[in-house]
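Trainee: Build me a model from this:
(2 chains)
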2 protein chains.
Amino acid sequence: MPRRVTVSTTPLPPTGWAHAPRGAGERPGAFDVYDTTLRDGAQQEGMNLSVSDKLAIAPLLDELGVGYIEGGWPGAIPKDTEFFARAAKELRLRHAVLAAFGATRKPGVRAWDDPQVRALLDSEAPVVTLVAKSDIRHVERALRTDGPENLAMIADTVAVLRREGRRVVVDAEHFFDGYAYDPQYALSALRTAVEAGAETVVLCDTNGGMLPAGVFATVTAVREQVPDARLGIHAHNDSGCAVANSIAAVEAGAVHLQGTVNGYGERTGNADLLATVANLELKTGRHVLAPPPDGTGGLAELTRIAYQISEITNIAPFARQPYVGASAFAHKAGLHASAIKVDPDLYQHIDPTAVGNDMRMLVSDMAGRASVELKGREFGLDLTGQHDLLGRVTQRVKDAEAQGYTYDAADASFELLLLEEVEGGRPGYFRVESWRTIVERAGSRGTPATAEATVKLHAGGERIVATGEGNGPVNALDAALRLALLRVYPELAEFELIDFKVRILDTNHGTDAITRVLIETTDGTTAWSTVGVGPNLIEAAWEALTDSAIWGLRNRGVDPR
Amino acid sequence: MPRRVTVSTTPLPPTGWAHAPRGAGERPGAFDVYDTTLRDGAQQEGMNLSVSDKLAIAPLLDELGVGYIEGGWPGAIPKDTEFFARAAKELRLRHAVLAAFGATRKPGVRAWDDPQVRALLDSEAPVVTLVAKSDIRHVERALRTDGPENLAMIADTVAVLRREGRRVVVDAEHFFDGYAYDPQYALSALRTAVEAGAETVVLCDTNGGMLPAGVFATVTAVREQVPDARLGIHAHNDSGCAVANSIAAVEAGAVHLQGTVNGYGERTGNADLLATVANLELKTGRHVLAPPPDGTGGLAELTRIAYQISEITNIAPFARQPYVGASAFAHKAGLHASAIKVDPDLYQHIDPTAVGNDMRMLVSDMAGRASVELKGREFGLDLTGQHDLLGRVTQRVKDAEAQGYTYDAADASFELLLLEEVEGGRPGYFRVESWRTIVERAGSRGTPATAEATVKLHAGGERIVATGEGNGPVNALDAALRLALLRVYPELAEFELIDFKVRILDTNHGTDAITRVLIETTDGTTAWSTVGVGPNLIEAAWEALTDSAIWGLRNRGVDPR
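Mentor: Here you go, the predicted model:
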């Protein structure tokens, strides 16, 4: 049933913002890749991103070459308000533009008076993406207002943001369901947004239940009926078709693609931006990414970027993930084994190096001789032509990574391993005799627990015993090690532990599982990372702590005393 | 370049099999759901199915209502030969038919003389599925024969199997790539199979790189060019589109669908049969499953069957899996919670009970009273109208989540929090006096570290002191707590810790950072998750361990002793 729709907007108030933010005057490109990992992706069960996590993920997305990074909902979520404030000072993006997510004004108030709308302006994000209702049932039952007022909310809010110099994208929530139920109302929401100045209207499959044929038909119909709209797609994976639905929309004419890294998101997740972009670039011939021109990012780094982001989110990578998964190009020996060796292209849908992945994808293959050689050069070691040495190091890396070590995220530990092979051992700054840590809660619930550690070691010709206290066992061990070494190596006073990450590698064995500890240390000038692995978390942490002290001292040019 | 193709077949030898197997005379139905979990799914990295595993999975597939169960490759894989032998004696399937997978005869021998072909007959499977080359490049480079001989291999092998009373399906391997490269040769392989008596020819996207539009176009073209062929689809997920590709093929006229439970398979896996079938049944109106008429199986049992099969394969279920995943109908956004309460169908693409799944509300700092109320309902607590109580709980959740707790991943801890507000406290199973854990390495590098823990607590009117050992401090504490409680609560013997996750929440403070520990426990029937938070990792783990014991005992209906 088509409805008559009238839009009544409230008059615009005087402007209160003196300066439009940087980049706000720019126009969209031919095709937008719009990442919403930090906002919609963060809705995933069990994911809880800190402001620092978000600030660490954004440069990786920029490096990949996405056009837009949706950072969160300033005003509604305090952490997101802080993200935009810190991003304005700390983030230096080369290509991507930050977008703030928010909603149209509340029913019955002026957009200008709605604190949620004001917070979007305060965020200083050059692009604001507004979620707007386009399904009349949601307008009436969830917003509890009527069709015309919802359209006025869209028109007012877009107009205020435009007047303040923001570029505006409108996410038409539940669009596909709304269009199926009442196409005229759904279309009127789009038309209202476009007329008020939204540069793109995004058709959202919010409940994620669409199939590609339906997406293609709807996007085609919308293009015919709202020909002046620039269309986008936002898909969820509830039917297992989010990637295919996104591609169907692009094939029907959408030029703005929303998705999340690794398909993170609520329920079954959002469209996996990585697989969608790889499909578009490698299979449909579209160039949709804009990586840095120095060749350090882009599609060829897809696997590394996916992996680094999953380290930050601390969500274990899914081995079967298309393109970037550890198994994505792993062939089980059998029927094809000999033929694959001769003609790998007959057995792979793409060349895995196009997305930075590897055919055999054993961890060892990521660190082949060539990368060991390159890595050595970074540390000032010329290993050209040293085949035996490179072979030994590659083998040790392979063995260590099979145990759970990861050197991608622990350069300093890798350099120590390399030194052992090149120089026959590590620098002998100290020799540990033993260590012990005790954690106890001496009373009932509510009594705080205490932690202490004792380290016995030999350095500078002395036997040193030192005891440290801390909030927890690793902290106490760090304190004890530092105290013991400071007498002989006062340089350690400047070292500070800045990051400590624990990852359970094999979750099938409960507390028996293998644990990996990554530690990052700084001396104020340089930051370095070390790794420890073992069934005992404390032992793994101890390994990373001692590696950190050794690498730091050597980096400062300190000789063993 | 179309090629001229001639087929020369070898004459059929005399029959040696007296009886065609049971069911062999049946014809395919209107639509085949053909499961290959036990054969192609078993190619997944890290999967290793025993004969007993396969015999346990097959009845679950039958219960779901699939038409065909491909059991393996008898003759090529000894375990699969044994599977068919035992299946003939032990398996009682109500609807599904067993299929044996195999290959066309070797080049240059008679089908009758090829032991691999004889083993297919020996398996007594009523249906034999033959993999056949349809990409001329694979014929020449992998098989190392020529186009006509490959067609003869197809014709001969199908004819022998048909003559012995077997129904024959032909999997045209690499069909889509082969058709793109040399359509005439690819089509000639299909025609040869059909003319020799194959009842269905299956178009395989063996490398998994297709997109839905290409699948639709190719299947449509094949239907026009080989109109007498009954077509099937076999898709892999390398482009992330296996489900959509399967549906595209069905929409283009394929009536035979191959796939695996949970999308198991080599590389990125096969098409997930569960999501594909659910989409076909619930979204395209096709009835493709034939569950037992007593109502004990079928789509409404999809989630349970997926879960039971993942228990047998011992591969952890993927929470975001469409339809059956633990998160598939879990809602986090506070934005929607109040509306979901009124109108759940507005926020879900299907009614989750249609696939035996359940809506869950995740409690997080984004949530409000409405989600707490819904969560209470999950636990059997009607909190309707209890505004003060809901307000207190919501506030406690917000405070706790600000400290680092996360309840969306720790239902059991949330229920204990709720009980404290509703019943004024937690069940008093035990009172902890103190605990202590010691981790030490008594020697230099290479000496293993040891961990022990001592717990002092009061339960069952006694003061109990127990000491446990373990690989690490958490493991040791778990052992000590269990040992202390077992005397009073023997029910604890069935509890097992199955997952342990550590997350450092604020990475700006090194080892001083706040740590969150999530623990998952099972008693064989139910699995539950608890959370602990604090600057001391061990203290956080202790909190999660005790919450786990309390929730588990209460869930078993145990009274405090």
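
Trainee: tell me which residues of stretch A:81-101 are tucked away?
Mentor: For stretch A:81-101, burial by neighbour count (16 or more other CB atoms under 10 Å in any protein chain shown) applies to A:81, A:83-84, A:87, A:91, A:93, A:95-101. (Glycine included, C-beta is placed from N, CA and C.)

Trainee: Of those, which pair is most distant in space?
Mentor: Comparing all pairs in these by CB to CB, the longest separation belongs to A:81 and A:95, at 24.8 Å.

Trainee: how about TSV for the buried residues of stretch A:81-101, with pLDDT added?
Mentor: Shown next, in TSV, are these (pLDDT from 0 to 100):
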residue	pLDDT
A:81	94
A:83	96
A:84	97
A:87	95
A:91	93
A:93	92
A:95	89
A:96	95
A:97	95
A:98	97
A:99	98
A:100	98
A:101	98
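
Trainee: Up against chain B, what does the stretch 351-500 of chain A have?
Mentor: Near chain B, the residues belonging to the stretch 351-500 of chain A are A:431-445, A:447-449, A:451, A:470-475, A:478, A:496-500 when assessed by CB under 8 Å from any CB of the partner chain.

Trainee: mind listing which of these are in strands?
Mentor: Taking DSSP state E, the ones among these that sit in strands are A:431-441, A:451, A:470, A:496-500.

Trainee: quick one on the thing from earlier: I'd like the buried residues of stretch A:81-101 as a markdown table, with secondary structure and distance to chain B appended.
Mentor: Compiled in a markdown table, the buried residues of stretch A:81-101 are given as follows (DSSP: H, G, I helix; E, B strand; the rest coil; distance: CB to the nearest CB, whole Å):
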| residue | secondary structure | distance to chain B |
| --- | --- | --- |
| A:81 | helix | 14 |
| A:83 | helix | 15 |
| A:84 | helix | 17 |
| A:87 | helix | 16 |
| A:91 | coil | 17 |
| A:93 | coil | 21 |
| A:95 | coil | 25 |
| A:96 | coil | 23 |
| A:97 | strand | 25 |
| A:98 | strand | 21 |
| A:99 | strand | 18 |
| A:100 | strand | 16 |
| A:101 | strand | 11 |
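
Trainee: follow-up on the earlier one: list buried residues within the residues of the stretch 351-500 of chain A next to chain B.
Mentor: By 16+ other CB under 10 Å, these give A:432-441, A:449, A:451, A:470-475, A:478, A:497-500 as buried.

Trainee: so residue A:343 touches residue B:142, yeah?
Mentor: Yes: the criterion here is CB atoms under 8 Å, and residue A:343 meets it with residue B:142 at 7.4 Å.

Trainee: So for the two, which residue has more residues nearby?
Mentor: For residue A:343 versus residue B:142, the count of surrounding residues by other CB atoms under 10 Å in any protein chain shown is larger for residue B:142: 21 against 14.

Trainee: Enumerate the residues of the stretch 1-150 of chain A near chain B.
Mentor: When proximity is defined by CB under 8 Å from any CB, the stretch 1-150 of chain A lies next to chain B at A:43-46, A:48, A:50, A:52, A:77, A:135, A:137-138, A:141-142.

Trainee: Recalculate using a threshold of 6 Å.
Mentor: On the criterion CB under 6 Å from any CB of the partner chain, chain B has as its neighbours in the stretch 1-150 of chain A the residues A:43, A:45, A:46, A:48, A:52, A:141, A:142.

Trainee: The last one: what's it in contact with?
Mentor: Residues in contact with residue A:142, defined by CB atoms under 6 Å, 6 or more residues apart in numbering or on different chains, are residue B:339.

Trainee: rerun that using 7 Å as the cut-off
Mentor: B:339, B:346 (CB atoms under 7 Å, 6 or more residues apart in numbering or on different chains).

Trainee: what about the closest residue to chain B within the stretch 101-250 of chain A, neighbour count?
Mentor: Here the stretch 101-250 of chain A gets closest to chain B at one residue, residue A:209, 2.6 Å apart by CB to the nearest CB. Neighbour count for residue A:209, taken as other CB under 10 Å: 21.

Trainee: For it, report the pLDDT, please.
Mentor: Looking at residue A:209, its pLDDT is 97.

Trainee: where do the strands sit along chain A?
Mentor: All strands of chain A, identified by DSSP E, fall at A:32-35, A:68-72, A:97-103, A:127-133, A:167-173, A:200-205, A:231-235, A:256-259, A:431-441, A:450-459, A:462-470, A:496-504, A:515-522, A:527-534.

Trainee: And these, which one averages the lowest pLDDT?
Mentor: strand A:496-504 (a mean of 79).

Trainee: so how far is it from its chain's centroid?
Mentor: In terms of CA atoms, centre = their mean, to the nearest Å, the gap separating the centre of strand A:496-504 from the centre of its chain is 18 Å.

Trainee: which residues are in contact with it?
Mentor: Under the contact criterion CB under 7 Å, 6+ apart, strand A:496-504 has outside partners A:474, A:478, A:513, A:515-522, A:527, A:537, B:500-502, B:504, B:507, B:510-511, B:513.

Trainee: I only care about these that end up buried; give me the ChimeraX line for that.
Mentor: Selection of the buried residues among the contacts of strand A:496-504 in ChimeraX, burial being defined by 16+ other CB under 10 Å:
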select /A:474,478,513,515,516,517,518,519,520,521,522,537 /B:500,501,502,504,507,510,511,513
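
Trainee: and residue A:557, how many neighbours?
Mentor: Around residue A:557 sit 7 other residues, with neighbours defined as other CB under 10 Å.

Trainee: per-residue pLDDT, it?
Mentor: 91.

Trainee: now do residue A:507
Mentor: Model confidence at residue A:507 (pLDDT) stands at 48.

Trainee: ditto for residue A:386
Mentor: In the predicted model, residue A:386 carries a pLDDT score of 84.

Trainee: Name all residues that make contact with the spatially closest residue to residue A:534 that is not a sequence neighbour.
Mentor: The shortest distance from residue A:534 to any non-neighbouring residue, by CB to CB, 6 or more residues apart in numbering or on different chains, is to residue A:540 (4.4 Å). By CB under 7 Å, 6+ apart, residue A:540 lies in contact with A:515, A:516, A:517, A:532, A:533, A:534.

Trainee: Could you list everything the first one pairs with in the sheet?
Mentor: Meaning residue A:515. Note on residue A:515: beta-bridge partners residue A:504, residue A:534, judged by DSSP bridges.

Trainee: Surely residue A:447 touches residue B:432?
Mentor: No: the criterion here is CB atoms under 7 Å, and residue A:447 misses it with residue B:432 at 9.5 Å.

Trainee: and the closest residue to residue A:300 other than its chain neighbours, backbone torsions?
Mentor: With CB to CB, 6+ apart as the measure, residue A:356 is the residue that lies nearest to residue A:300, at 5.3 Å, once sequence neighbours are left out. Dihedral pair for residue A:356: phi 70, psi 20, per degrees, to the nearest 10.
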